[in-house]
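> Structure for this input, please:
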Amino acid sequence: MSRTGNTPIEIPDGIDVTLNETNITVKDNSGEKQFKFSKDLIISIENKKILIKPKELNKKTKMIWGTTRSLLNSLILGCSNEFKKTLKLVGTGYKAVLQGKILKISAGYSHDIDYQVPEGINIKCQDPNTIEVSGANKSQVGQVAADIRSYRKPEPYKGKGIKYENEYIFRKEGKKK
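Have a look, this model is predicted:
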């Protein structure tokens, strides 16, 4: 039995959820999001709660049961409040500037990196060394943050690079004489 899949999903006020045969549509004031689920699952809406049950218990349905519930839950949570990831730029001359829908990153290369901000993602630069990525889709926010971090991953000797705000960089000792 899936412990995650058994727990019902609460539908907050102001969010409208409609159910088709293989699609769930979540509407709120920001827009409409659709989620396609497997035919092996039975999804029902009862008194402001979404319940997910498998049609029959086998290996495949056990694998997708909890995953579907988690994805649906993050979709509904993203409608009520946005997901955030904060990145820090550590290093001399490392900075980021937002110009319209393009994020310009100076990360120690001979050229600036121009990152096109995807649709549905908000990026803020409070100061030149901080980038805040936010949006309603949890996986998209994480992917955008990982893409920006991949331009200059933090290195273990001086700690320079682009890192998550709460990330700990294991430091190494340099070469000895």
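> By mean pLDDT, flag the weakest helix or strand of this protein.
Among the helices and strands of the chain, helix 3-6 carries the lowest confidence by mean pLDDT, DSSP states H and E, at a mean of 81.
> Show me what that one packs onto, helices and strands only.
strand 49-54, helix 59-80 (3 or more Cβ pairs under 8 Å, 6 or more residues apart in numbering; DSSP states H and E). Placement of C-beta: from N, CA and C, glycine included.
> On the C-terminal side of that helix, identify the next helix or strand.
Using DSSP states H and E, the helix or strand that directly follows helix 3-6 along the chain is strand 9-10.
> Please name every helix or strand in contact with the helix or strand just after that following strand.
Later in the chain than strand 9-10, the nearest helix or strand by DSSP H and E is strand 16-19. Contacts defined by 3+ Cβ pairs under 8 Å, 6+ apart place strand 16-19 against strand 23-28, strand 41-46.
> Put the alpha carbons of strand 16-19 into PDB.
The C-alpha coordinates for strand 16-19 follow below in PDB (Å, rounded to 0.1, in the frame of the first residue of the first chain):
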ATOM      1  CA  ASP A  16     -11.700  25.100  -9.000                       C
ATOM      2  CA  VAL A  17     -10.800  21.500  -9.900                       C
ATOM      3  CA  THR A  18     -12.600  19.600 -12.700                       C
ATOM      4  CA  LEU A  19     -12.100  16.000 -13.600                       C
END
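> Neighbouring strands - and their directions - for it?
Within its sheet, strand 16-19 is paired with strand 23-28 (antiparallel), according to DSSP bridges.
> OK, contacts around T130?
Counting by Cβ atoms under 8 Å, 6 or more residues apart in numbering, T130 makes contact with T86, L87, K88, L89, A96.
> what's next to the helix or strand the last one falls within, contact-wise?
Secondary structure from DSSP H and E places A96 in strand 95-99. By Cβ under 8 Å, 6+ apart, the surrounding residues in contact with strand 95-99 are 89, 103-106, 117, 123-125, 128-131.
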